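Trainee: based on what follows, work out the 3D shape:
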Amino acid sequence: TDALVLTTHTQLGWIGQMAERPHECVLHVDDKHKTHHGGWLLITFGTHAVEHRGERSAEGKGHIAHTFRPCIYMFTEQQETTECVQLGFECIKFIARVFYKAELYPGLGCADHCKGTMSAWAKSFPDVRIAGCWPHIAWGLSYGRLIPKTHPRFELVKKEMALLHLAQTDEMFDLMTEALGQV
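Mentor: Here you go, the predicted structure:
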């Protein structure tokens, strides 16, 4: 595998936070095909955070924001091969061990379901479930890829999926999907 893996001091801190909270974080891997240079692809490995952002609304209450926190960046000539993605996983686990004397145990994985990522996930984190990638689902919804914009419930479905994304437990998700199924 031809790859260059990079990180910064800030990202080391985020990896430390993930390592200090086993089974409480999401590990997200995603490629950025639009940012390739000379055939090299950028793959990010990171986590998510939900934070309150200042008083920016008209009511002065601020708002909740869901953000992606990249932990390592990988430039590679390979296109998300098993070996390439596994190298990224091993690098982030190595950083947790060396800098924080802890093993990295994500509670959930998040990625598109390409063959290389799925295979690498099974090898590096065999006991951790992998979920779909919400940004890809949201993008597909907003551009009419998952449901046509001409569908009479198009705007409602976008809102319903956003609410479903916020389900806090499996039971809450199941109840919400059952209710949406009835609609």
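
Trainee: any idea how far the helix or strand where Phe68 lies is from the middle of the chain?
Mentor: Following DSSP states H and E, the helix or strand that holds Phe68 is strand 63-76. For strand 63-76, the separation from the chain centroid amounts to 8 Å (computed by CA atoms, centre = their mean, to the nearest Å).

Trainee: for the very next helix or strand once past it, what is the distance to the chain centroid?
Mentor: Per DSSP H and E, strand 63-76 leads on to helix 82-100 as the next helix or strand towards the C-terminus. Distance, stretch centre to chain centre, for helix 82-100: 16 Å (CA atoms, centre = their mean).

Trainee: list the beta-bridge partners for the spatially most central residue of the chain.
Mentor: Among the residues of the chain, His28 comes closest to the average C-alpha position under CA atoms, centre = their mean, at 3.2 Å. Beta-bridge partners for His28, by DSSP bridges, are Gly46, Cys110.

Trainee: what stretches of this structure score poorly on pLDDT?
Mentor: For the chain, applying pLDDT under 70 flags the ranges 33-37, 52, 55-60, 62-64, 134-136.

Trainee: quick one: the helices in it?
Mentor: For the chain, the helices defined by DSSP state H occupy 9-20, 82-100, 115-124, 134-142, 154-165, 170-182.

Trainee: thinking Gln78 is in contact with Asp31, fair?
Mentor: No. Distance between Gln78 and Asp31: 10.4 Å, which falls outside the contact criterion (CB atoms under 8 Å). C-beta here means a position set from N, CA and C on the backbone, and glycine is covered the same way.
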